[in-house]
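**Student:** Got a predicted structure here, sequence first:
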Amino acid sequence: MNNITAYWDERALGYSKSSVEELSDETKHKWQQYLLHYIPAGQRLKCLDLGCGPGFLALLLQEMGHAVYGVDASDR
């Protein structure tokens, strides 16, 4: 295991909790509105989220109708 993976393995639980909180309040809507400025209107994208962590961005994009694949070095 390298230093980066070890670091994120240790931080995973706290990072996941903060992501869950942001997905359950008005922050989620603000992020989705922000993303709409960069996504061509009417298009459904195939997205690759490298270093996705708990999947915050992947979940937002999936809920917006896009196909999303997430990859992370940390199993946690």
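**Tutor:** Cool, got the structure. Numbering: from 1, shown residues only.
**Student:** right, and the helix or strand after the worst-scoring helix or strand of the chain on mean pLDDT?
**Tutor:** Considering only helices and strands, the least confidently modelled element of the chain by mean pLDDT, DSSP states H and E is helix 3-23, at a mean of 70. Following helix 3-23 in sequence order, the next helix or strand is helix 26-36 (DSSP states H and E).
**Student:** which neighbours does the helix or strand just after that next one have in its sheet, and in what orientation?
**Tutor:** For helix 26-36, the following helix or strand on the C-terminal side (DSSP H and E) is strand 46-50. Strands that pair with strand 46-50, judged by DSSP bridges, come out as strand 67-71 (parallel).
**Student:** what's the average pLDDT for the partner strand?
**Tutor:** Taken as a whole, strand 67-71 has an average pLDDT of 94.
**Student:** Please work out which residues outside that strand touch it.
**Tutor:** 44-52, 55, 58-59, 61-62 (Cβ atoms under 8 Å, 6 or more residues apart in numbering). C-beta coordinates here come from the backbone N, C-alpha and C atoms, glycine included.
**Student:** again, only this time at 7 Å
**Tutor:** With contacts defined as Cβ atoms under 7 Å, 6 or more residues apart in numbering, strand 67-71 is touched by K46, C47, L48, D49, L50, C52, G55, A58, L61, Q62.
**Student:** Using a markdown table, lay out the residues you listed together with neighbour count.
**Tutor:** Compiled in a markdown table, these are given as follows (neighbours: other Cβ atoms under 10 Å):
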| residue | neighbour count |
| --- | --- |
| K46 | 8 |
| C47 | 16 |
| L48 | 12 |
| D49 | 19 |
| L50 | 9 |
| C52 | 17 |
| G55 | 17 |
| A58 | 20 |
| L61 | 21 |
| Q62 | 16 |
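**Student:** I'd guessed C52 sits against A58; true?
**Tutor:** Yes - A contact is recorded between C52 and A58 when judged using Cβ atoms under 7 Å, the distance being 5.2 Å.
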